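> okay, here's the prediction I keep looking at, along with the sequence it came from:
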There are 2 protein chains.
Amino acid sequence: MSAGLSGLPVAVDAMGGDRAPFEIVSGARRAADELGIPVVLVGPTDGSLGDVGGLEVIPASEVITMSEDAARAVRTKKDSSLVRAAEAVRDGRACAMVSAGNTGATMASALLRMGRLRGVARPCIATPLPALGDAPTVLVDAGANSDCQSEWLVQFAQMGAAFYRERYGLARPSVAMLSIGEEPSKGDSTTKGAHALLAAGDPWAGFEFVGNVEGRDLLAGGVNVIVTDGFTGNVALKTLEGALRTVMDIVLQVLAATPENKAAGDVLLPALLERAAPLDPDNTGGAMLLGLQGVCIISHGSSSSRAIVNAIRAGHDLASRDLSGKLAAAVTA
Amino acid sequence: MSAGLSGLPVAVDAMGGDRAPFEIVSGARRAADELGIPVVLVGPTDGSLGDVGGLEVIPASEVITMSEDAARAVRTKKDSSLVRAAEAVRDGRACAMVSAGNTGATMASALLRMGRLRGVARPCIATPLPALGDAPTVLVDAGANSDCQSEWLVQFAQMGAAFYRERYGLARPSVAMLSIGEEPSKGDSTTKGAHALLAAGDPWAGFEFVGNVEGRDLLAGGVNVIVTDGFTGNVALKTLEGALRTVMDIVLQVLAATPENKAAGDVLLPALLERAAPLDPDNTGGAMLLGLQGVCIISHGSSSSRAIVNAIRAGHDLASRDLSGKLAAAVTA
């Protein structure tokens, strides 16, 4: 653990997410009680958080809702739990922040309060994809930057690889571009430009560039980091989540349709749930904003307490490994 | 049926697709025998097509493979089944062409031999998505144009809606932009620009613009036509196909894992297959290249004979309805 962050708690936005505050508080308590990770909640101190189990609460009287305009909300709600959580990291009161709230407002709070790392053109979102293989696949940028330049995508690759190394302990992750064919000539101009830069720079110090992959490869687990612009990345991620949910819904409906199906379903359900568990976003530990002077974990809006536990663990671990320092080094390598 | 195309056959590229020629020839024979649609095959006349069941064969001695560079292949293989099929439409020997071969080469053949419609900036690909609702959803552009201008996306909307009207008989389809949030301010600059143009032009003569949808809405069936650039569209389409296949594979593996599971699976499989059937690309009749002086159906590379039957039926039907004339009118409306 780096000296500066030693012992600092993870700041958890108690009011962020569809199931806030109770699932969030429950996850925070579990992380503290079961894993021994220091945690501080950020939210109202009027008792509306319920039983906080002895956790410290940094006071914040306002809440940014899921549907609010991100930039305006962060500008006007200076005493919101989201903004105060980011300030806790900036002020050295916390080693990392976790929020399951408004994604845009989480990004804006973290960016405005913590600030960008020197040398980083644009911070980006790294999201671990639901995956079936042994090694997770991380998608970057999953939604922070809609219009990108090729050079930014190269930094996303560098930061994504550094994140992957620290998060999953793989010394030299593989990095691919998301495109619409394997050939370097396939894709839009930003993608083709980034492909050329990544191919020209190979071998990179911290990762191996393996060329293009396609949308159908997102779940295949064959590559560690997949790079794209934040527009394409966000469309792909939501398409993936929507398709998985649709098919799971169909299966569950069929299993409940008749008494006969239900009996057959009782036989199959344990195995189905076990096989499908890696596809559950609650298990991935949340997305991560890369390129800031501080660690910021963006959890899924529907996060359960289990998802929050995983996010807190990931945030604490990454802060302890000085992720920000590693990211800064990666983009200047 | 318009006078000019009355009675003309559909030209089927017998050598295109992973399962060519036999599944293709089988589909062509079934379309002719079972549906009474006039069909002409395009391919070698040396007997390698097997029993063509009395269908006419337009001779073509060359084959463009799935992995060949599209532009070069079309330029150099002038006697390929793909190029000859496009020429059959251009020369008035066929009312439409169908190929399950190299998608890029199919586009290039059709574009170079048939030519663009007057007023169309860029032809685009309309792909019916796997869908669970009653009304199919068509994605346009699904891969023809990687770098797009906002104005082209407006034409994709116009042509997509005209295609939808003719293909599915809905007088005023709904059209949405694919983006990363419902608000008009969400998305990359091309998407935001197209959104603004479509919102400003509403109500349109032939469709209703309903704003943005997200990746998770692709399967939901709530909108008839979803517009995006060909890069994002192709990534989304392949992501969808990959996710559906992954989950179906998991389910089938669990159903086959033990004798107990197999017995339970025997109870559930008929209902599962029935519910999942709309997600099978073989049922959609193939993608369609919009904006050319002729009808060109692009079938999935893995097309079965059933997929080819559906593609031939769609091609014949759209040519009979003078789709090209309707598309030309749509972009100048």
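Structure received.

> okay, buried residues for stretch A:267-279 please.
A:267, A:268, A:269, A:271, A:272, A:275, A:276, A:278, A:279 (16 or more other C-beta atoms under 10 Å in any protein chain shown). C-beta coordinates here come from the backbone N, C-alpha and C atoms, glycine included.

> which of those residues are close to chain B?
Filtering the buried residues of stretch A:267-279 for neighbours of chain B using C-beta under 8 Å from any C-beta of the partner chain leaves A:267, A:268, A:271, A:272, A:275, A:276, A:279.

> out of the buried residues of stretch A:267-279, list just those in strands.
Using DSSP state E, no member of these sits in strands.

> ok, those residues vs residue B:328, which is closest?
residue A:279 (45.3 Å; C-beta to C-beta).

> check contacts around the closest one.
With contacts defined as C-beta atoms under 8 Å, 6 or more residues apart in numbering or on different chains, residue A:279 is in contact with A:130, A:131, A:132, A:219, A:244, B:247.

> so, low pLDDT: which residues of the stretch 1-150 of chain A?
A:1-6 (pLDDT under 70).

> list, one by one, the residues from it near chain B.
A:132, A:143, A:146, A:147.

> highest neighbour count among the residues you listed?
residue A:143 (27 neighbours; other C-beta atoms under 10 Å in any protein chain shown).

> so what pLDDT did the residue nearest to it when sequence neighbours are not counted get?
Using C-beta to C-beta, 6 or more residues apart in numbering or on different chains and skipping residues adjacent in sequence, the residue nearest residue A:143 is residue A:234, 3.7 Å away. Looking at residue A:234, its pLDDT is 96.

> so of the buried residues of stretch A:267-279, which ones are in helices?
A:267, A:268, A:269, A:271, A:272, A:275, A:276 (DSSP state H).

> any buried residues in stretch A:76-84, and which?
A:77, A:80, A:81, A:82, A:83, A:84.

> hmm, residue A:9 and residue A:92 touching each other?
No. Counting by C-beta atoms under 8 Å, residue A:92 stays clear of residue A:9, with 11.3 Å between them.

> those two - which one has more neighbours?
More neighbours surround residue A:9 than the other of residue A:92 and residue A:9, with 23 against 11 (other C-beta under 10 Å).

> for residue A:80, list each beta-bridge partner.
Beta-bridge pairing for residue A:80 (DSSP bridges): residue A:62.

> I'd like to know how far it sits from residue B:59.
73 Å (C-beta to C-beta, to the nearest Å).

> for residue A:292, same thing?
According to C-beta to C-beta, residue A:292 and residue B:59 sit 65 Å apart.

> more neighbours: those two, which one.
Each of residue A:292 and residue B:59 has its neighbours counted (other C-beta under 10 Å); residue A:292 has more, 25 against 13.

> contacting residues around the nearest residue to the more buried one once chain neighbours are set aside?
Nearest residue to residue A:292, sequence neighbours excluded (C-beta to C-beta, 6+ apart): residue A:114, at 4.6 Å. For residue A:114, the contacting residues are A:86, A:89, A:90, A:292, A:293, A:294, A:296, by C-beta under 8 Å, 6+ apart.

> residue boundaries of the strands in the stretch 51-200 of chain A?
Assigned by DSSP state E, counting those that start in this stretch, the strands in the stretch 51-200 of chain A fall at A:56-59, A:96-99, A:124-128, A:138-140, A:174-178.

> tell me which residue lies nearest the centroid of chain A.
The centroid of chain A falls nearest to residue A:287 when counting by C-alpha atoms, centre = their mean (0.3 Å).

> hmm, back to that, ok, of the buried residues of stretch A:267-279, which one's closest to residue A:165?
residue A:278 (21.2 Å).

> thought that closest one was touching residue A:132?
Yes. Here residue A:278 reaches residue A:132: they are 5.6 Å apart, a contact under C-beta under 8 Å.

> do a quick rundown of the helices in the stretch 1-150 of chain A.
All helices of the stretch 1-150 of chain A, identified by DSSP state H, counting those that start in this stretch, fall at A:22-35, A:70-76, A:81-90, A:103-114, A:150-168.

> can you point out the buried residues in the longest helix seen in chain A?
Counting by DSSP H, the longest helix found in chain A is helix A:230-256. Buried residues in helix A:230-256, counted by 16+ other C-beta under 10 Å: A:230-244, A:246-248, A:250-251, A:254-255.

> same thing with stretch A:301-314?
For stretch A:301-314, by 16+ other C-beta under 10 Å, it's A:301, A:303, A:304, A:305, A:307, A:308, A:309, A:310, A:311, A:312, A:313, A:314.

> ok, so of those residues, who is nearest chain B?
residue A:301 (12.2 Å; C-beta to the nearest C-beta).

> perfect, that will be all.
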